[in-house]
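Engineer: mind looking at a prediction? Sequence and model below.
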Amino acid sequence: MDEASPFDSVMVIGAGAWGTALANLIVSNGVKTTLWARETEVVDSIRRDHINALYLPGAPLDARLQATTELAEAADAEAILLVVPAQHNRAILNELHHFATETAPVALCAKGIETGTGLLMSEVLAETWPTAQPAVLSGPSFAIDVARGLPTAVTLACADACLGEQWMASLSAPHFRPYLSRDLIGAELGGAVKNVLAIAAGVAAGRGLGESARAAVIARGFAEFQRLGVALGAQAQTMAGLSGLGDLILTASSDKSRNMSLGIALGRGQSLSDVMKERHTVAEGVATAPAIVALAAKAGVEAPIINAVAALLAGDKSVDALISELLARPLKPETV
């Protein structure tokens, strides 16, 4: 692979923990980087103190990183990195594409599926901004680890290999290694499905079912993800890679994961509404679960663990009832 040059300028849309960590990575490569936030206090904190005190406290930011509340500044950016929650992507894109370059490269970082439509984020982009050039950034990565310079590897999926290499040059660092793929569907599905499966793993942990049960949830959940991915046109190699199995292992193994920690709370008997009231960050798996259930049903794919999570989140069944149902399923070969 030839050495590509990074973009001259990038605008990162979304100043949560992940967006902030990525913006700090990009600016460290000498790329003019602007971070957009809805909250004025976040912008003020970055400008004044070079820190995102609300979403990424304790992680110093490069003094060259700019911050704004104005989406119109996207007009000056060569490329866009979209890092807002999945359910807000459409609204932001509808506004953003009026300012940005018509054929701007747009890298999608949200790990979810749009409720109501069942669309992946690249499909939402195609509907709202059909001339944009899509890419997907996904993989096992906690924002605080990246911000602290801890080793991390991810998938960068882009149909245009040259454009993908330019994204990689803009994002890579000695501690942050992107691997290039052309499989956008596989990269997106992995990021979305693993959040739902992480909730299931958290429920098992919170209910005190033991590490063996959590491992079974991860393995059988991955089998569901594989079946769905194949049915929707994803590549098996992608699903077994960083953005699939890799991200699932991380998210379903650590209580630092917002989705797993939510599952732990549910497993311990807390209600979903009570858990959500305590948070100012988004657990993407909550909104994504019913969308994936609908996708699987449409594709004719059996997904009992994903269905169970969706039923639990909807309040249709209790934790104990779902555990009993899953354990009572018919015996069958592991390959099914």
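Structural biologist: That came through fine.
Engineer: only C-alpha atoms from now on, for both contacts and neighbour counts.
Structural biologist: OK.
Engineer: quick one: A110 from G191, how far?
Structural biologist: The gap separating A110 from G191 is 8 Å, by Cα to Cα, to the nearest Å.
Engineer: the two - which one has more neighbours?
Structural biologist: Set A110 next to G191 and count neighbours by other Cα atoms under 10 Å: G191 wins out with 31 against 24.
Engineer: next SSE downstream of the helix or strand harbouring that one?
Structural biologist: Assigned by DSSP states H and E, G191 belongs to helix 184-206. Past helix 184-206, heading to the C-terminal end, the next element that is a helix or strand (DSSP H and E) is helix 211-232.
Engineer: P134 against E123, yeah?
Structural biologist: No: P134 sits out of contact with E123 when judged by Cα atoms under 8 Å, with a separation of 9.6 Å.
Engineer: of the two, which one has the most company?
Structural biologist: Each of P134 and E123 has its neighbours counted (other Cα under 10 Å); P134 has more, 26 against 17.
Engineer: where does that one fall, helix, sheet strand or coil?
Structural biologist: In terms of secondary structure, P134 is strand; the call rests on DSSP: H, G, I helix; E, B strand; the rest coil.
Engineer: count of neighbours near A310?
Structural biologist: A310: 25 surrounding residues under other Cα under 10 Å.
Engineer: again, but for P174
Structural biologist: Residues lying near P174 (other Cα under 10 Å) number 9.
Engineer: any idea how far it is from S138?
Structural biologist: For P174, the distance to S138 equals 18 Å [Cα to Cα].
Engineer: one more: A321?
Structural biologist: A321 sits at a distance of 34 Å from S138 (criterion: Cα to Cα).
Engineer: those two: which is more packed in?
Structural biologist: S138 (27 against 11).
Engineer: I figured that one hits L245, correct?
Structural biologist: No: if you go by Cα under 8 Å, S138 and L245 don't touch, sitting 11.5 Å apart.
Engineer: domain parsing of the chain, as residue ranges.
Structural biologist: According to automatic domain parsing, the chain is divided into the following domains: 9-182, 190-327.
Engineer: so can I have a markdown table of those showing distance to E3?
Structural biologist: Conversion of the domains of the chain to a markdown table gives the following (distance: least, Cα to Cα, whole Å):
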| stretch | distance to E3 |
| --- | --- |
| domain 9-182 | 8 |
| domain 190-327 | 22 |
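Engineer: can you put the ones you listed in CSV and add mean pLDDT and distance to E334?
Structural biologist: Compiled in CSV, those are given as follows (pLDDT from 0 to 100; distance: least, Cα to Cα, whole Å):
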stretch, mean pLDDT, distance to E334
domain 9-182, 97, 26
domain 190-327, 93, 9
